[in-house]
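Novice: Structure, please.
(one chain, ligands or ions: 1)
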Amino acid sequence: MPTYKVAIVGAGPAGYFAAQAINNISDIDRSFAIDMFERLPTPWGLVRSGVAPDHPKIKTVSKVFEKIATGENFRLFANVEIGKDLTVEQLQDRYDAVIIATGSSLGKKLGIPGEDLRGSLSAANFVPWYNAHPDFSDVDVPLDSQVAVVIGGGNVAMDVARILALEPSELDPTDTADHAIDAFRKSSIRKVYIAIRRGPEYAAFTSPELRDLPKLEHTNVVVGEDEISAAIARVGETAEKDVKSNLDAMLFIAQNQKTEHERTIEFLFSHTPKQIQGNGKVEGVVFSTSATEVTIKCGLVVTAIGYNALDIPGVPFENGKVVNIDGRVKGNMYVVGWAKRGPSGVIGTNKSDASAVIELLRQDLNEPKNKSDVTELLQGKTVVTQKDWEAINAAEIAAGEPLSKPRRKGITWDQLMAHAEIYRF
Ligand SMILES: Cc1cc2nc3c(=O)[nH]c(=O)nc-3n(C[C@H](O)[C@H](O)[C@H](O)COP(=O)(O)OP(=O)(O)OC[C@H]3O[C@@H](n4cnc5c(N)ncnc54)[C@H](O)[C@@H]3O)c2cc1C
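Specialist: Residues are numbered from 1 along each chain as shown. The predicted structure follows:
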C-alpha cells in the first residue's frame, strides 16, 4: 500500500483540520504520513494566541487537535519556521503535498494621520500581548487614560473592547498573560467605545458573541435603541437570518442597559475615523458621522479592521492572501484557512474548508515520491516535537493549578523552550 508524505505548514485550526481530512481519505489503497511545521514552540495558532481568555470553552477544540497529533502517522516539528529554517521548495521536493496553513497575522492599517502615535495599536499586536504570544510580550500598551477607542465592527473588536472593560479580577481565573493581568489591574480605563464605520445592519459581529455581552457582571453595555430600531426598519422582513439575529441581539442589549457599573462599553455606529490626534501620544480620534465631525478624547486606540497574511518566500501572495484556486496554489502546494480565505469565519469554518481542499489533493495524487526524511535537513536545530510540546503543556497546566487557572502560559521563547528541555530528560 503506498504511503504519501504530506507537510502541513502552520499548527493552527486550519492545519489540524487539514490533517484530520487527510486521515479521512486514508483507506486500504493508500495511507499518509503527516509532518506539521510550526514557527512557535507551541501549536494551536489563534486558539492559543487569539481567542479571548474569558472564553475558555472555545479553546476546548484543542482536544480535537491533540487527538490528531497523537496519531501514529503524525509528527510535530515546532520551533521550525518555513521560509527561514527550511524553504518551501525543500518541502515541495521531499513531500508529495505541501499544505500552507499559516493564517494571517498582520493587522491592516487605517491609513489615517496619527496612526503611528504612541497609544495607537493594532489588535494584531494587542491581542497576542494579552494572550502571551512570545513575540509580543514587550508591546507598549498605555492604559493610563480613562477612555479607550476600539475601531472595527467584528468579533475581534468586540473581544478587545470587552477585555479592556472587564473588572480585572475576572481575568484571574483565566490564562491571560501575567504581564497583561498586572497591567489591567492598574488600568485607568473605564469607558471603551467601539466605533463602527457603517450602520448596525452591516456590522460583522456574530450574534452568540453579542448575546454574551449583557451577561457581563461588572460592565455596562450601551447601544442606542433608536439606532437599532431604525436599522431594523431599514432591513425590513427581507433581512438575512444572520443580520436579523444580530439586530435582535443588539436591540436586547439596548433595552436592557445597565448603568450601575464603573466600567462601560458603548457602541458608536456610522463613525468613520479621519485622524488620530495627539502630541507624541494619542489624545483623541476625529470621526466623521452622517451629521457632523466629532472628536473623542482618549489615550488608547486599538484598530481591529482585519488582517493580511505574512509573506513566505516561495509562496505567491496577493491582497493579503495566498494566490490560489479553490485551495490549489502551484505544483504540489495547497492552502487552507485564513491564509487561503483571508480573516473570516469561525474556527469551525476551517474544517469544511480544509475538507474541500484535501478532496482536491486526493484527486491530484500520483505515485509517492519516496524521498529521504526531512530530519536530515534539521540537524543542529532544536525542534519542539509533540512530546516536547506535551511537556510544555503539562508544565503550564501545573503552574496554573495552584492559582485555579487552566494554565499559566510561558511568556518568552526562553521560558517555553526551558519547559520543553526540562521534560526532555
Ligand atoms: C483575536 C481573535 C479572536 C478569535 N476568536 C475566535 C472565537 O472566539 N471563536 C472562533 O470560532 N474563532 C475565533 N477566531 C477565528 C479563528 O481563530 C480562526 O478562524 C482560525 O484561527 C484560523 O486558523 P488558521 O489555522 O488559518 O490560522 P492561525 O490560527 O493563525 O494559525 C496559523 C499558524 O501558522 C503558524 N505559522 C505562521 N507562519 C509560519 C511559518 N512561516 N512557518 C511555520 N509556521 C507558521 C502560526 O504561528 C500559527 O500557529 C478569532 C480570531 C482572532 C484573530
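Novice: May I ask which helix or strand of this protein has the lowest mean pLDDT?
Specialist: Every helix and strand of the chain was ranked by mean pLDDT, DSSP states H and E. The lowest is helix 413-424, at a mean of 77.
Novice: Phi, psi for whichever residue of the stretch 51-200 of the chain sits closest to the ligand please.
Specialist: For the stretch 51-200 of the chain and the ligand, the shortest gap (CB to the nearest ligand atom) falls at Gly103, measuring 2.4 Å. C-beta coordinates here come from the backbone N, C-alpha and C atoms, glycine included. Gly103 adopts backbone torsions of phi 70, psi -160, taken as degrees, to the nearest 10.
Novice: do you know how far the closest residue to it other than its chain neighbours is from the ligand?
Specialist: Spatial nearest neighbour of Gly103, chain neighbours left out: Trp338 (4.5 Å); criterion: CB to CB, 6 or more residues apart in numbering. Computed as CB to the nearest ligand atom, to the nearest Å, the Trp338 to the ligand distance reads 4 Å.
Novice: how about Trp338, what does it touch?
Specialist: Counting by CB atoms under 8 Å, 6 or more residues apart in numbering, Trp338 touches 12, 14, 103-104, 307, 309, 344-345, 350.
Novice: one step back: next, the contact list for the residue of the stretch 51-200 of the chain closest to the ligand, please.
Specialist: Contacts of Gly103 (CB under 8 Å, 6+ apart): 10, 12, 14, 45-46, 309, 337-339.
Novice: Just the buried ones among the residues you listed, please.
Specialist: 10, 12, 14, 45-46, 309, 337-339 (16 or more other CB atoms under 10 Å).
Novice: hmm, back to that, can you tell me how far the residue nearest to Gly103 is from Ala7?
Specialist: Here the distance between Trp338 and Ala7 works out to 19 Å (CB to CB, to the nearest Å).
Novice: Which pLDDT value goes with the nearest residue to Lys84 once chain neighbours are set aside?
Specialist: Distances taken as CB to CB, 6+ apart place Arg39 nearest to Lys84, at 7.7 Å, with adjacent residues excluded. Arg39 carries a pLDDT value of 98.
Novice: Using CSV, please lay out the contacts of Gly103 together with pLDDT.
Specialist: CSV is the format used below for these (pLDDT from 0 to 100):
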residue, pLDDT
Gly10, 98
Gly12, 98
Ala14, 98
Gly45, 98
Leu46, 98
Ala309, 97
Gly337, 98
Trp338, 98
Ala339, 98
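Novice: tell me which of those residues is nearest to Leu213?
Specialist: Of all the contacts of Gly103, Leu213 sits closest to Leu46, with 21.3 Å by CB to CB.
Novice: Next, find the distance separating the closest residue to that closest one other than its chain neighbours from the ligand.
Specialist: Leaving aside its chain neighbours, Leu46 sits nearest to Gly12 (5.9 Å; criterion: CB to CB, 6+ apart). As judged by CB to the nearest ligand atom, Gly12 and the ligand stand 2 Å apart.
Novice: Quick check: phi and psi at whichever residue of the stretch 301-425 of the chain sits closest to the ligand.
Specialist: In the stretch 301-425 of the chain, the residue found nearest to the ligand is Gly337; the distance is 2.3 Å by CB to the nearest ligand atom. Phi and psi for Gly337, reported as degrees, to the nearest 10, are phi 70, psi -150.
Novice: so what's it up against?
Specialist: 10, 12-15, 17-18, 101, 103, 350, 353-354.
Novice: Ok, Ile163 next?
Specialist: 52-54, 130, 171, 184.
Novice: Excluding chain neighbours, what is closest to Glu367?
Specialist: Pro2 (7.1 Å).
Novice: where along the stretch 51-200 of the chain do the strands fall?
Specialist: 74-78, 97-100, 106-107, 120-122, 147-151, 191-195 (DSSP state E, counting those that start in this stretch).
Novice: okay, the ones you listed, which one's buried deepest?
Specialist: Of the strands of the stretch 51-200 of the chain, the one with the most neighbours on average (mean count of other CB atoms under 10 Å) is strand 97-100, at a mean of 29.
Novice: Fine by me, we can end here.
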